[in-house]
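**Student:** sequence plus predicted model, see below.
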Amino acid sequence: MTLTAFLAYCLAITLAAATPGPAMFTVITNGVARGFLRAFVAGMGIAAGDAVLVTLALLGLVALAQTFEWVFLLLNTPVRPT
């Protein structure tokens, strides 16, 4: 990867992280229309949902790693030049 490509990638990731998504718009809309308490509850609900999603994704990855252990061992085996 060239330095130019790396810097372009870093810029794209920074812009994506700085752009608010639908969850942030939900919290902002609730805060403006219904007050702080509703916005706080919406934010906590989104955070709880994200925590469940991450937990389930990690459990799925663990199940894949345990089921297909030989694939991971094959990928981690160094190749010796002949």
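**Tutor:** Thanks, I have the structure now.
**Student:** can you give me the helices for this structure?
**Tutor:** 3-18, 22-34, 36-67, 69-76 (DSSP state H).
**Student:** rebuild these as a markdown table, extending it with mean neighbour count.
**Tutor:** Every C-beta, even on glycine, is put in place using the N, C-alpha and C of the backbone. Formatted as a markdown table, the helices of the chain follow (neighbours: other Cβ atoms under 10 Å):
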| stretch | mean neighbour count |
| --- | --- |
| helix 3-18 | 9 |
| helix 22-34 | 13 |
| helix 36-67 | 11 |
| helix 69-76 | 9 |
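**Student:** need those helices in TSV with mean pLDDT, can you?
**Tutor:** Formatted as TSV, the helices of the chain follow (pLDDT from 0 to 100):
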stretch	mean pLDDT
helix 3-18	92
helix 22-34	94
helix 36-67	95
helix 69-76	84
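**Student:** contacts only, for L64.
**Tutor:** The contact partners of L64, by Cβ atoms under 8 Å, 6 or more residues apart in numbering, come to none.
**Student:** could you do V52 as well?
**Tutor:** Counted by Cβ under 8 Å, 6+ apart, V52 has zero contacts.
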